[in-house]
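Q: here's my sequence, what's the structure:
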Amino acid sequence: MARYRKIDPRIWKDEHFRLLSPQEKLITFYVITAQSNRIGLFNFSPALASEDLGLPFETFLKGFGKVCSNLSWRYDEPSRTLYLPTWWRYNCPENPNVLKACLADLHELPKTPLYTVFCANFSFLPETFLETFQKGLLQSSPKQCPNQEQEQEQEQEQEQDQNISLVSSNVKESKE
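A: Have a look, this model is predicted:
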């Protein structure tokens, strides 16, 4: 199956993109088309990008840094993971089933703090996709979004508080 990526023509009018040099625009298009996946959160190798583009590594890193800064992309160097927060704006799945399939790409990711940011960023998804997005996160990744972990922790704390209250009331009753 062939992989392809769309490039929205509106990119040429984007004020942040227009500030990039021609070389930085090339880096932008490389990132969007060469190493990306279907969700905009993916493993990224600067060394491979440098080699593919025929740029000296230091030159690539400098340009990549400017691209990330201008376009608000986030790169987690320890896990070599890149996140494009506006991915869904320009690459919105056609329907909830396609979104569910796209979220399977989460299996390929190492543990990264960018996962938390990804879980919380659904602003560019249609409202009708939100339930599928949340369910897909749970099914497609062994990691959990922090919101769900926090909810579980809160539920456990409430249960513990209830148990403590029950024990306290039982102790009071037994003393009387």
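
Q: how close does the residue most central in space within the chain get to Pro110?
A: Centroid check for the chain by Cα atoms, centre = their mean gives Phe118 as the closest residue, at 2.9 Å. To Pro110, Phe118 is 13 Å away according to Cβ to Cβ, to the nearest Å. The way it works is simple: take the backbone N, C-alpha and C, and place the C-beta from them, glycine included.

Q: next, the contact list for Phe118, please.
A: Counting by Cβ atoms under 8 Å, 6 or more residues apart in numbering, Phe118 makes contact with 39-41, 83.

Q: can you give me the helices for this structure?
A: For the chain, applying DSSP state H gives helices covering 15-18, 22-30, 46-53, 57-71, 87-90, 96-102, 114-120, 130-140, 146-175.

Q: any regions of the protein where pLDDT drops low?
A: Where the chain drops to pLDDT under 70, the residues are 1-2, 141-176.

Q: close enough to count as contact, Ser50 and Phe57?
A: Yes - look at Ser50 against Phe57 with Cβ atoms under 8 Å: they come within range, at 4.6 Å.

Q: the two: which is more packed in?
A: Ser50 (20 against 12; other Cβ atoms under 10 Å).
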